[in-house]
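Visitor: A structural model of the following input is requested.
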Amino acid sequence: MAASTLAFAGKSGAQASESKPRDYYELRKYFMQSGPQTKLTESYVSDALIPALNRMGISSVGAFNLTIGPETPTLYVLIPGTSVETLVTADLKLAQDKQFMAAAEPFWNAPAAAPPYSRIESSLMIAFEGWPRLTPPASRGKRVFQLRTYESPTNQDHVRKVEMFNNGEFEIFQKAGFGLVFFGDSLIGPRLPNLTYMLTFGDIGEMNDKWAAFSSDPNWKKLSSSPRYAFESIVSNITNLILTPTAFSQI
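Guide: As a prediction, the model looks like this:
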């Protein structure tokens, strides 16, 4: 469990209820090989998985193809929920949904010699206190999405990096004109401790221009040079991916 969530998880029920409600996110990756796998997996997510999740009351499910980054083709599916229980019980409920089982039949019953994916990997996250809810972009036109993961060398460094976002970094993002989609602190997943967030832009050119504005902002320079955050490298590795929403993505 990520260090920055330990205090939250350890609160009494009364204390936790006083905190601002936050989303939870499952970020699921379907690793595939080029060819029939991609069509089978995309059809499963669009025709079976997302409609079934919507029937459970889970909305704004994102589905994205990896455009720039390693391990393509990979389909990313972002599943938001209002509680951990909502997300961890979703797969159990799918098997009880007759509409889902009928639509999922080609995917679920694919032979071992021709599987619909190579592997599936998931991470479970809790939204940052300073950005507690998923925020889909207002425009559904052509867009690119940037998915960034920051790994930290220690739990202390991770806590401080999350704190930076809550103590002014969100405002700098907004001033620079970024589209902020979600910010998640990883509870379960690979390469902990880490955080992941998603931004959206009209195109790559706009993304580069807004990052330039962010980097030159005096408030960012002041925040990033603060002794609390600049005493050592609190981010040891950054994964930076460009995703393209599928036609069936709800984000």
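Visitor: from here on, contacts and neighbour counts on C-alpha atoms
Guide: OK.
Visitor: wait, a strand at residue 213?
Guide: No. Going by DSSP: H, G, I helix; E, B strand; the rest coil, the assignment for residue 213 is helix, not a strand.
Visitor: okay, the nearest residue to it once chain neighbours are set aside and residue 156: tell me how far apart.
Guide: Closest residue to residue 213 apart from its sequence neighbours, by C-alpha to C-alpha, 6 or more residues apart in numbering: residue 176 at 5.8 Å. Here the criterion is C-alpha to C-alpha, to the nearest Å. By it, residue 176 lies 28 Å from residue 156.
Visitor: so for these two, which sits in the more crowded spot?
Guide: Higher neighbour count among residue 176 and residue 156: residue 176, with 17 against 13, using other C-alpha atoms under 10 Å.
Visitor: may I have the secondary structure class of the spatially closest residue to residue 245 that is not a sequence neighbour?
Guide: In space, and not counting its chain neighbours, residue 245 is closest to residue 64: 4.3 Å by C-alpha to C-alpha, 6+ apart. Under three-state DSSP, the three-state class of residue 64 is strand.
Visitor: with residue 184 instead?
Guide: strand.
Visitor: so what's it bridging to?
Guide: According to DSSP bridges, the residues that bridge with residue 184 are residue 127, residue 196.
Visitor: now do the strands in the stretch 151-251 of the chain.
Guide: Per DSSP state E, counting those that start in this stretch, the stretch 151-251 of the chain carries strands over the ranges 179-188, 194-201, 237-245.
Visitor: roughly how far apart are the residue of the chain most remote from its centre and residue 129?
Guide: Here the chain reaches farthest from its C-alpha mean at residue 113, the gap being 31.2 Å by C-alpha atoms, centre = their mean. The gap separating residue 113 from residue 129 is 45 Å, by C-alpha to C-alpha.
Visitor: what count of nearby residues applies to residue 246?
Guide: Counted with other C-alpha under 10 Å, the neighbours of residue 246 add up to 16.
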